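Asker: just coords:
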């Protein structure tokens, strides 16, 4: 019985030492800040103009723009500015599309195009992006 207790106690001591050694890592872990969260914008294509809301974004970083086509014709949508030019295929009437891009400081145009000639061109919407957005570290419920 005594031998069993010694074996059991020795096994527990070895297991505790292993756990302590496993918890000791090198001090080289860098807690890098998470990237800024994506900014969600909405847009609408109407007969006269493309509208983006909000028109000003406080910081550069990832942006997701969901655009709804509220006209009677299908349209393509192009985000243009700086070195960015991103086009989304035809959006059917009453349909939506999303453009996801990382944007830097500057002014961008959101244009609606059509495969057929239209009586009046649809005026583009504008988006102004400010300085770099802050990290999302310390914000709860973000992936």
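Answerer: Everything's here; your move. Only a predicted model underlies this, so the values are computations on that prediction, with no experimental measurement involved.
Asker: in stretch 41-50, what's buried?
Answerer: For stretch 41-50, a neighbour-count test (16 or more other Cβ atoms under 10 Å) marks 41, 43, 44, 45, 50 as buried. C-betas here are computed from N, CA, C, even on glycine.
Asker: now the strands for the chain?
Answerer: Listed in chain order, the strands of the chain (DSSP state E) span 39-45, 50-53, 56-57, 61-69, 75-81, 84-91, 96-103, 106-113, 125-129.
Asker: mind checking how far residue 79 is from residue 30?
Answerer: Taking Cβ to Cβ, to the nearest Å as the measure, residue 79 falls 34 Å from residue 30.
Asker: quick one: which of the two has more around it?
Answerer: residue 79 (24 against 4; other Cβ atoms under 10 Å).
Asker: and the closest residue in space to the more buried one that isn't next to it in sequence, how many neighbours does it have?
Answerer: Nearest in space to residue 79, with sequence neighbours left out and distances taken as Cβ to Cβ, 6 or more residues apart in numbering, is residue 86 at 4.6 Å. The number of residues packed near residue 86 is 15, by other Cβ under 10 Å.
Asker: can you check the pLDDT for residue 86?
Answerer: Residue 86 carries a pLDDT value of 92.
Asker: ok, now which ones touch it?
Answerer: The contact partners of residue 86, taken as Cβ atoms under 8 Å, 6 or more residues apart in numbering, are 78, 79, 80, 99, 101.
Asker: swap the cut-off to 10 Å and go again
Answerer: When contacts are counted by Cβ atoms under 10 Å, 6 or more residues apart in numbering, residue 86 touches 65, 77, 78, 79, 80, 99, 100, 101, 103, 108, 110.
Asker: a markdown table for those residues, including pLDDT and distance to residue 122?
Answerer: Shown next, in a markdown table, are those (pLDDT from 0 to 100; distance: Cβ to Cβ, whole Å):
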| residue | pLDDT | distance to residue 122 |
| --- | --- | --- |
| 65 | 95 | 16 |
| 77 | 94 | 10 |
| 78 | 94 | 12 |
| 79 | 94 | 15 |
| 80 | 94 | 14 |
| 99 | 95 | 16 |
| 100 | 94 | 22 |
| 101 | 93 | 21 |
| 103 | 91 | 22 |
| 108 | 95 | 16 |
| 110 | 95 | 10 |
